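>>> My questions concern the predicted model and sequence given below.
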Amino acid sequence: MDKIALTLKQEFNLKDFPVLNTIKLIDEGNTIPFIARYRKEATGSLSDEVLRSFYERLTYLRNLEEKKSDTIRLIDEQGKLTDEIREKIENSKTLQEIDDIYRPFRPKRRTRATIAKEKGLEGLAKLIADGDLKEGNPDDYAQKFLNDNVLTLEEAYQGAMDIVAEDVSDDAEIRKYIREYIWNNGLLVTEKLKDEKSPYEMYYSYKESIKKIPPHRILAINRAEREEYISVKVDVDDEKIIDSIVASNVINDSIFKDYHVNAINDSYKRLIKPSIEREIRNKLTEIAEEKAIKVFKMNLKSLLLQPPVKGYVVMGFDPAYRTGCKIAVVDETGKLLDTATVYPTPPQNDVDGAKAILKDLIEKYNVGLISLGNGTASRESELFIAELIKEVDRDLKYVIVNEAGASVYSASELGTEEFPDINVSLRGAISMARRLQDPLAELVKIDPKSIGVGQYQHDVNQKMLGEALNGVVEDCVNSVGVDLNTASVSLLKYVSGINASIAKNIVEYRNEVGQFRNRNELKNVKRLGDATFTQCAGFLRILNGDNIFDSTGVHPERYEILEKLLKKFDYDIKKLDTKALREFAYKLEEYGLEKLSQEYDIGLPTLNDIVSELKKPGRDPREDLPKPILMSDVMTIEQLKPGMELMGTVRNVVDFGCFVDIGVHTDGLVHISEMSQNYIKHPLDVVSVGDIVKVRVIDVDIDRNRISLSMK
């Protein structure tokens, strides 16, 4: 086992075989969803989340080893590599440690120290730094370094101290000590630059321990600094740090002691502290970004995996003022039936005209649900819809959906491809309706960063955020499975092993040849070879096809064993229906899965998964989750009173609490201190986006449009 594998084994607390197998599977080009689902025996049943962390850490460690090799080579090329330096580099645990070691050897731009060296003052700098001279007059030694370029003793001392200062700054151990001291003892201090109201007023005069400051506060401070409302600095006991460096490096009875101390002072204040301050600010930002991305990932996963609302003809209602509310009616499968534009909101206020048009559409298409976007004019539109529902003679309900990203989809190339003859503004209403029917299938059409369930998502590293969120979408799509005969290119491209190009080829094949009857037909799709088939086949479902196993998450590579098991228990594959399949699954359990595992040489985790799939062929795993709250009447913020108990939907989770939609247009905040009777580290330990929760009203501030809630 090599060094990287050993490190991963220790960090993830794993045995040898899952570490080595997982590395091998990753290196062979297998996707994380495929490894997580279909190679459980090899990995010890590691989840997709753990596998992604494993992959990220593997990549980091490999980059670290590459950096070590490059650094050793670069120092060796300068003829300065020693066994001690090599050992330090090879024992480094982080990229930062390697940077510190390489710092003295890095080619430098022209500095005060390099200029002093050019003037021949390196020897005097060595006398100052070594501190070996205990007797005599320092000036007598310094005099020897005067030349045409160094005319005075003052100039000689200054140049020599510049060299010493740079050497101190390049000392890896000194930098490590200062970095750790400031991290453990320093304060982040802010001061206001503008005397005006802003969202950042709490940071106009603020200080907090660097080690303890919460990640979300770092991102807020960074944004306030970027928008020039505040200045930020690191405050620490500089003299204590300098005294410590002096005590460790300066020889007290040296005749050059004062010059050495002055050089260390200069090194710390001019070179080291500004550099370390930048490093610490970057580290704080990096930690905050990682935390924000983690929260965003978990929120996005919960949002994407919200249960679909099936069996309804849905009216999408995209609210607006002057330009009118856009309406789209879609059937149970999401097919567009009709569109309209109505003007029940200011300035037109054509309530009667809007009611007449919508009543006609509701009657004509048998609409059962209205999906209302939560954007501009949502409040007025909700009041209008509640009135409308009272006037129609049918069971009609409405749901408020998060419309974040709908406008992005409307104006996108994909939106144009799907609905070339539909006005851009109407596409948002179609998205409103469809994201209620199947949130996952609709939301994959939108850049995950535009979905709006994060915290400071615009303030974090966009490349890291994009990669992390794409991984979440990929895991969600593959955990649910995709109907091969109805899935869009947007959905297919997230399936394990399938890229955008192959996804288009699948849809083109479907349009030209007709619906897929079995998974093997995938091999007829252009550029979809055996390797891709292996990665994707188990995640693609075919309902009512030639082979009932194609409607499950069972991988085709296991069909041969399944056919043997069918024969063993006297089942005819041609006569199997969902009822018989469930019965077959229970017979397998009754016989004993461990026994079958040994008899047919199939791993027990895989056999468990197969039986689980056979019990629910074609069933959507999201159906077990609580459905969204369907409403028929509206409540206003003015009606809220402290002590009232209500049901609500969690819309967003942040570091300091969660926002809950209780049906009054303004989401209420449940602060982390009001989420549980017990201590919790993070709100995500208690709730997820989409959860239906019971809350109690604590306080209502109508003027500031704020609602405080409790879950206790």
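Yep, that arrived.
>>> tell me the SS of R696?
Secondary structure state of R696, per DSSP: H, G, I helix; E, B strand; the rest coil, is strand.
>>> Report the contact partners of the closest residue to T552 other than its chain neighbours.
Leaving aside its sequence neighbours, T552 sits nearest to E613 (C-beta to C-beta, 6 or more residues apart in numbering; 4.1 Å). Every C-beta, even on glycine, is put in place using the N, C-alpha and C of the backbone. By C-beta atoms under 8 Å, 6 or more residues apart in numbering, the residues touching E613 are T552, G553, V554.
>>> of these, closest to E66?
G553 (38.1 Å; C-beta to C-beta).
>>> That closest one contacts D609, doesn't it?
Yes: with contact defined as C-beta atoms under 8 Å, G553 reaches D609; the gap is 7.3 Å.
>>> tell me, what's touching these two both at once?
Common contact partners of G553 and D609 (C-beta under 8 Å, 6+ apart): R37.
>>> give me the element V650 is part of.
Per DSSP states H and E, V650 falls inside strand 645-654.
>>> partners of the next helix or strand along the chain from that strand in the sheet?
Using DSSP H and E, the helix or strand that follows strand 645-654 in sequence is strand 657-661. Here strand 657-661 has these sheet partners by DSSP bridges: strand 645-654 (antiparallel), strand 668-671 (antiparallel).
>>> Out of those, which is the most enclosed?
strand 668-671 (a mean of 22; mean count of other C-beta atoms under 10 Å).
>>> how far out from the middle of the chain is that one?
23 Å (C-alpha atoms, centre = their mean, to the nearest Å).
>>> what is the rounded mean pLDDT of that strand?
Averaging pLDDT along strand 668-671 gives 95.
>>> likewise stretch 577-593?
94.
>>> Can I get that stretch as CSV, trimmed to CA atoms?
Taking Å, rounded to 0.1, in the frame of the first residue of the first chain, the C-alpha atoms of stretch 577-593 are listed here in CSV:
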residue,chain,number,x,y,z
ASP,A,577,-45.9,-8.7,-13.6
THR,A,578,-45.2,-6.3,-10.7
LYS,A,579,-47.3,-8.4,-8.3
ALA,A,580,-45.4,-11.6,-9.3
LEU,A,581,-42.1,-9.7,-9.0
ARG,A,582,-42.8,-8.7,-5.4
GLU,A,583,-43.9,-12.2,-4.6
PHE,A,584,-40.6,-13.5,-6.1
ALA,A,585,-38.6,-11.0,-3.9
TYR,A,586,-40.3,-12.2,-0.7
LYS,A,587,-39.6,-15.9,-1.7
LEU,A,588,-35.9,-15.0,-2.1
GLU,A,589,-35.9,-13.4,1.4
GLU,A,590,-37.8,-16.4,2.8
TYR,A,591,-35.2,-18.8,1.4
GLY,A,592,-32.4,-16.7,2.9
LEU,A,593,-30.3,-14.1,1.1
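>>> Which residues does that stretch contact?
When contacts are defined by C-beta under 8 Å, 6+ apart, stretch 577-593 is touched by residues 548, 565-566, 569, 571, 576, 596, 604, 607-608, 611, 614-618.
>>> go on, stretch 103-112?
Contacts of stretch 103-112 (C-beta under 8 Å, 6+ apart): 74-75, 78, 80, 114, 159, 162, 166-167, 170-172, 175.
>>> Would you write a ChimeraX line that selects the buried entries of those residues?
A single ChimeraX command selects the buried members of the contacts of stretch 103-112 (16 or more other C-beta atoms under 10 Å):
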select :75,159,162,166,167,170,171,172,175
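>>> Redo the contacts of stretch 103-112 as a markdown table? Include distance to Q306 and secondary structure.
Output for these, formatted as a markdown table (distance: C-beta to C-beta, whole Å; DSSP: H, G, I helix; E, B strand; the rest coil):
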| residue | distance to Q306 | secondary structure |
| --- | --- | --- |
| L74 | 52 | helix |
| I75 | 55 | helix |
| Q78 | 59 | coil |
| K80 | 60 | coil |
| T114 | 61 | helix |
| G159 | 68 | helix |
| D162 | 63 | helix |
| E166 | 58 | helix |
| D167 | 60 | helix |
| D170 | 55 | coil |
| D171 | 55 | coil |
| A172 | 51 | helix |
| R175 | 49 | helix |
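>>> so which of the contacts of stretch 103-112 comes closest to N262?
Using C-beta to C-beta, D162 comes nearest to N262 of the contacts of stretch 103-112, at 10.8 Å.
>>> Excluding chain neighbours, give the residue nearest to that closest one in space.
R112 (4.2 Å).
>>> Can you get me a residue count around that neighbour?
Number of residues near R112 (other C-beta atoms under 10 Å) recorded here: 17.
>>> What distance do you get for it to G123?
As defined by C-beta to C-beta, to the nearest Å, R112 lies at a distance of 17 Å from G123.
>>> cool, D421 as well?
For D421 relative to G123 (C-beta to C-beta), the value is 83 Å.
>>> swap in I548?
Per C-beta to C-beta, I548 is found 87 Å from G123.
>>> more neighbours, the two?
I548 (22 against 12).
>>> Span of stretch 701-712 from start to end?
Taking C-alpha to C-alpha, to the nearest Å, stretch 701-712 runs 20 Å from one end to the other.
>>> just the strands in the stretch 451-600 of the chain please.
If DSSP state E, counting those that start in this stretch is used as the criterion, the strands of the stretch 451-600 of the chain fall at 482-483, 540-541.
>>> List of residues touching the last one?
By that I understand strand 540-541. Outside strand 540-541, the residues that touch it by C-beta under 8 Å, 6+ apart are G481, V482, D483, L484, V495, R519, L522, D550, S551, T552, G553, G618.
>>> Name every strand pairing with that strand and say which way it goes.
strand 482-483 (parallel).
>>> what's the average pLDDT for the partner strand?
Per-region confidence: strand 482-483 scores 94 on mean pLDDT.
>>> Could you do stretch 138-148 as well?
Mean predicted confidence for stretch 138-148 is 95.
>>> Off-centre distance for it?
Relative to its chain's centre, stretch 138-148 lies at 61 Å (C-alpha atoms, centre = their mean).
>>> Stretch 401-409 now?
Computed by C-alpha atoms, centre = their mean, the chain-centroid distance of stretch 401-409 equals 19 Å.
>>> which other residues reach it?
By C-beta under 8 Å, 6+ apart, stretch 401-409 touches 303, 318, 371-375, 415, 427-428, 431-432, 435-436, 443, 445-447, 450-453, 628, 651.
>>> Counting neighbours, which of the residues you listed end up buried?
By 16+ other C-beta under 10 Å, the contacts of stretch 401-409 give 303, 318, 371-375, 415, 427-428, 431-432, 435-436, 443, 445-446, 451-453, 628, 651 as buried.
>>> okay, now the domains of the chain?
3-77, 314-461, 500-624, 637-710 (automatic domain parsing).
>>> Show me which residues of the longest helix seen in the chain are buried.
Identified as the longest helix of the chain according to DSSP state H is helix 273-304. Residues 273, 276-277, 279-281, 284-285, 288-289, 291-293, 295-304 are the ones in helix 273-304 that count as buried (16+ other C-beta under 10 Å).
>>> And stretch 581-596, by the same measure?
Across stretch 581-596, burial judged by 16+ other C-beta under 10 Å covers L581, F584, A585, L588, L593, L596.
>>> Kindly report the same for stretch 108-119.
Judged by neighbour count using 16+ other C-beta under 10 Å, the buried positions of stretch 108-119 are R112, A113, A116, K117, K119.
>>> And stretch 671-684, by the same measure?
Going by neighbour count (16+ other C-beta under 10 Å), the buried part of stretch 671-684 is I672, E674, M675, H682, P683, L684.
>>> Among these, which pair sits farthest apart?
Longest span within these, C-beta to C-beta: E674 and L684, 15.5 Å.
>>> residue at max distance from the center of this structure?
Going by C-alpha atoms, centre = their mean, the residue of the chain most distant from its centre is G136, 64.9 Å out.
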